[in-house]
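>>> with the sequence up front, the predicted model follows.
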Amino acid sequence: MKARSIAIAILLVAACVLPFVVSNFRVFQFTMVLVYAIVLLGLNMLTGYNGQISLGHGAFYAIGAYTAAILMDRFGAPYWLTVPVSALVCLVAGFLFGLPALRLEKVYLALATFALGVALPQILKSKGLEHWTGGVQGIVITKPDAPFGIPLSADQWLYFFTLAVTVAMFVLAVNLLRGRIGLAMVAIRDHPLAASAMGIDIAMYKSLTFGVSAMYTGVGGALGAIAVQFVAPDSFTAFLSIAFLVGIVVGGLATIEGALFGALFIQFVPNVADQVSKAAPWAIYGIVLIAFMYLMPGGVSGVIRQAWRRKNV
Amino acid sequence: MEAFLAQVLSGLATGGIYASVALALVMIHQATHLVNFAQGEMAMFSTYIAWSLLNAGMPYWAAFFLTVAISFAGGMLIERLVIRPVEKGSVLSVVVVFIGLLVILNAVAGWIYSYTVKPFPSPFPAEPLFGAYVSSHGVGAIAVTLVVVLLLWAFFRFTPLGLAMRAAAQNPVSARLVGIRVGWMKALGWGLAAAIGAIAGMMVAPVVYLDPNMMAGILLYAFAAALLGGIDSPVGAVVGGFIVGVLENLVGTYLIGNELKLTVALVLIVGVLIVKPSGLFGSTTVERV
């Protein structure tokens, strides 16, 4: 337990020092890592802890991003207000999608959510919503400057803002997953029948998990939109949803720290693959992905936990 | 009325394509109880192989059957080399391996053949049939699909190998006890699916043109078709394909416009799964507690 606290403290200090030692572009990249970490944490609740596969979380990410962009662009809302609003919108959206999804098992749920992820960019482009979404062109938003004259660049300030939100979301997740609700979620994943015999309201918990998971993703989406300063339908393709699922599996299913490893994978492995082979970077990405599944079926967290246990035996 | 008829007929033609991809999905599901997300990319890659053979000067039907044979072998190879090691793992790791496969095939195709769109020849005459309502390629594609279904049905119904494959999928343990090599039956299922996918790809390519991303939308409709018909019913997949094709055209023309066509697939998938999860022709599965 003590070792874990030390590790978390070191990680936090490193995260605070980081923006002062790397370039602004790298700061932006690490902001995106934090954004992805929030998303992956949410998806991991749904898929890792509750056993519901989603291949459509890009859709909730897009809803969060668009909520933030529309609030800032059309209503002149301050950037920090967009985060809780996006969270609320996505909570409701996720809960509503979770209701019919209740009846779907494993692969079928993956299919239904996949269809959601594929269809959403088209819905965003549609004429009826163009007034709000800006159609194919999307919406451009400006990055906020640091308030109260704090001597930080816009990138650095947004990084710290995102870091604060990330820490809050992680604390929330830890408490949620370690408590009764988390146990109920895992029980439903492992044995639905036994869980309901224990008095767990499966329908309620499953759709609620869907809602909370979407809420996390929406928070990520809002922060991501502010960091990128732009939203457009084509930034939220089905591939984004797939990348999220890849992230949690690579990071480690049903682990909290796995979200960080997965986020690093999503952000940096495509770049590395690009450096390895200019001709077919995605082929390298695919090979890395399959290799990961062969060598570390428990993800990065699985390997670390195993090493830890071996050391302590 | 005439316009309506034209929409129905062209819907049937695209439906034939969805039907053949859906059929490939059902095949792999029957042999392995998995839904293959890389099916579309496998079909796309096969079509590129056919394109290479045709460019090398081979006559169409020779290239057609050689491609089917190569794809069959390729599908078996993929099962043996890529899928088998993770088969016993969780559903999620299998899904991720499928995604890896999808990405690799797409990237390699783009690398070898570039992302420029290429025309692909049709084996059927260019003149339209039935007074310009429907292209002969559309009719030809439907005919080819129906022939494939008939052959598959006969294979599963009347040959000992087909029986063995069904047994291996239904009850692997008992099948192994009576001497069926279950692992190879799965590989065979993948080979068949890849071969059917190759046929589907060669029928799609003249319509949508050949490029590495040509199957993305089609795969979604094929999923919808397979679910509508019942994921464990080959006949259902074909009927589902035709229904989805016609529905897509009619809804696109008369109700919501072409820009929201993919949403039709989404609504259809979710709708079917909620109202009748086993599909129109599928058998209801009863799980033992």
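Great, that's in hand.

>>> need the pLDDT of residue 12.
Went with chain A since none was named. Listed pLDDT for residue A:12 reads 83.

>>> um, chain B though
81.

>>> could you do residue B:37 as well?
At residue B:37, pLDDT is 78.

>>> check residue A:313 too.
In this model, residue A:313 carries a pLDDT of 63.

>>> quick one: contacts for residue A:187?
A:194, A:195, A:198, A:200 (CB atoms under 8 Å, 6 or more residues apart in numbering or on different chains). Every residue, glycine included, has its C-beta placed from N, CA and C.

>>> neighbours around residue 24, how many?
With no chain named, the answer covers chain A. 13 (other CB atoms under 10 Å in any protein chain shown).

>>> oops, chain B please
31.

>>> list the buried residues of the strand or helix carrying it.
Per DSSP states H and E: residue B:24 is located in helix B:2-32. Buried residues in helix B:2-32, counted by 16 or more other CB atoms under 10 Å in any protein chain shown: B:6-32.

>>> counting contacts, what elements does it pack onto?
Using 3 or more CB pairs under 8 Å, 6 or more residues apart in numbering or on different chains; DSSP states H and E, the elements in contact with helix B:2-32 are helix B:39-55, helix B:136-158, helix B:160-170, helix B:182-208, helix B:216-229, helix B:234-250.

>>> so which of the ones you listed is nearest chain A?
Proximity to chain A, assessed across the helices and strands packed on helix B:2-32 by CB to the nearest CB, is greatest for helix B:216-229 (5.5 Å).

>>> now do residue A:178 against residue A:62, distance only.
31 Å (CB to CB, to the nearest Å).

>>> give me the more crowded residue out of those two.
Between residue A:178 and residue A:62, residue A:62 has the larger neighbour count (other CB under 10 Å), namely 30 against 11.

>>> confirm for me that that one is in contact with residue A:124.
Yes. Residue A:62 lies in contact with residue A:124 (CB atoms under 8 Å); the separation is 6.8 Å.

>>> can you pull out the low-pLDDT segments for the stretch 51-200 of chain A?
A:105-107, A:127-128, A:131, A:135, A:146, A:149 (pLDDT under 70).

>>> which parts of it sit against chain B?
Residues of the stretch 51-200 of chain A lying close to chain B by CB under 8 Å from any CB of the partner chain are A:53, A:55, A:100, A:103-104, A:106-108, A:110-112, A:114-116, A:118-119, A:122-123, A:125-127, A:193.

>>> out of those residues, list just those in helices.
A:100, A:106-108, A:110-112, A:114-116, A:118-119, A:122-123, A:125, A:193 (DSSP state H).

>>> next SSE downstream of the helix or strand in which residue A:4 is found?
Here residue A:4 sits within helix A:2-21, counting by DSSP H and E. The first helix or strand that comes after helix A:2-21 along the chain, using DSSP H and E, is helix A:24-44.

>>> now for whatever helix or strand comes next after that following helix, which elements pack on it?
Next helix or strand after helix A:24-44 toward the C-terminus (DSSP H and E): helix A:57-74. Contact partners of helix A:57-74 among helices and strands, from 3+ CB pairs under 8 Å, 6+ apart: helix A:24-44, helix A:79-101, helix A:106-125, helix A:130-133, strand A:139-140, helix A:202-228, strand A:230-231, helix A:238-251.

>>> and the residue nearest the centre of chain A, what does it touch?
Nearest to the geometric centre of chain A sits residue A:39, at 1.0 Å (CA atoms, centre = their mean). Going by CB under 8 Å, 6+ apart, residue A:39 touches A:57, A:61, A:216, A:217, A:220, A:221, A:244, A:247, A:263.

>>> how about it: what's its closest non-neighbour residue?
residue A:220 (3.7 Å; CB to CB, 6 or more residues apart in numbering or on different chains).

>>> residue contacts, the one you found?
Counted by CB under 8 Å, 6+ apart, residue A:220 has contacts A:35, A:36, A:38, A:39, A:42, A:61, A:64.

>>> and the fourth one, how far from residue A:110?
Separation of residue A:39 from residue A:110 (CB to CB): 17 Å.

>>> would you agree residue A:263 is in contact with residue A:42?
No. Using CB under 8 Å, residue A:263 makes no contact with residue A:42, being 11.9 Å away.

>>> please identify which of the two sits among more neighbours.
Using other CB under 10 Å as the criterion, residue A:263 and residue A:42 rank with residue A:42 on top: 31 against 28.

>>> how about the contacts of residue A:220 in TSV, adding distance to residue B:205?
TSV is the format used below for those (distance: CB to CB, whole Å):
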residue	distance to residue B:205
A:35	39
A:36	37
A:38	42
A:39	37
A:42	40
A:61	33
A:64	38
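
>>> pull the number of nearby residues for residue A:219.
With other CB under 10 Å as criterion, residue A:219 counts 30.

>>> what does the model give it for pLDDT?
90.

>>> can I assume it is in contact with residue A:170?
No. Contact status for residue A:219 versus residue A:170: not in contact, 11.7 Å apart, counting by CB under 8 Å.

>>> got any ranges where chain B has weak pLDDT?
B:1, B:32, B:126-134, B:255-261, B:277, B:282-289.

>>> about what we covered before: against residue A:58, how distant is the residue nearest to residue A:39?
When residue A:220 is compared with residue A:58 (using CB to CB), they lie 11 Å apart.

>>> next up, phi/psi of residue A:232, please.
phi -150, psi 150 (degrees, to the nearest 10).

>>> list the contacts of it.
So residue A:232 contacts A:134, A:136, A:137, A:138, A:139 (CB under 8 Å, 6+ apart).

>>> tally of neighbours for the first one?
Spelled out, it's residue A:134. Residue A:134: 21 neighbours (other CB under 10 Å).

>>> and for the second one?
Taking other CB under 10 Å as the neighbour definition, residue A:136 ends up with a count of 12.

>>> what's the nearest residue to it if we skip its chain neighbours?
Residue A:136's closest residue in space is residue A:125 (CB to CB, 6+ apart), at 5.5 Å.

>>> over to residue B:210: give its phi and psi.
Here residue B:210 shows phi and psi, under degrees, to the nearest 10, equal to phi -90, psi 120.

>>> what pairs with it across the strands?
Note on residue B:210: beta-bridge partners by DSSP bridges are residue B:118.

>>> how close does it sit to residue B:163?
38 Å.

>>> who has more neighbours, the two?
Ranked by neighbour count (other CB under 10 Å), residue B:210 and residue B:163 place residue B:210 first, with 22 against 14.

>>> which two among the ones in helices among the residues of the stretch 51-200 of chain A next to chain B are spaced furthest apart?
A:125 and A:193 (43.5 Å; CB to CB).

>>> look at the two and report which has more neighbours.
residue A:125 (20 against 11).

>>> can I assume residue B:12 is in contact with residue B:135?
No. Counting by CB under 8 Å, residue B:12 does not reach residue B:135; the two are 11.4 Å apart.

>>> the closest residue to residue A:289 other than its chain neighbours - how many residues pack around it?
Computed as CB to CB, 6+ apart, the closest residue to residue A:289 that is not its neighbour in sequence is residue B:100, at 3.8 Å. Neighbours of residue B:100 under the rule other CB under 10 Å: 23.
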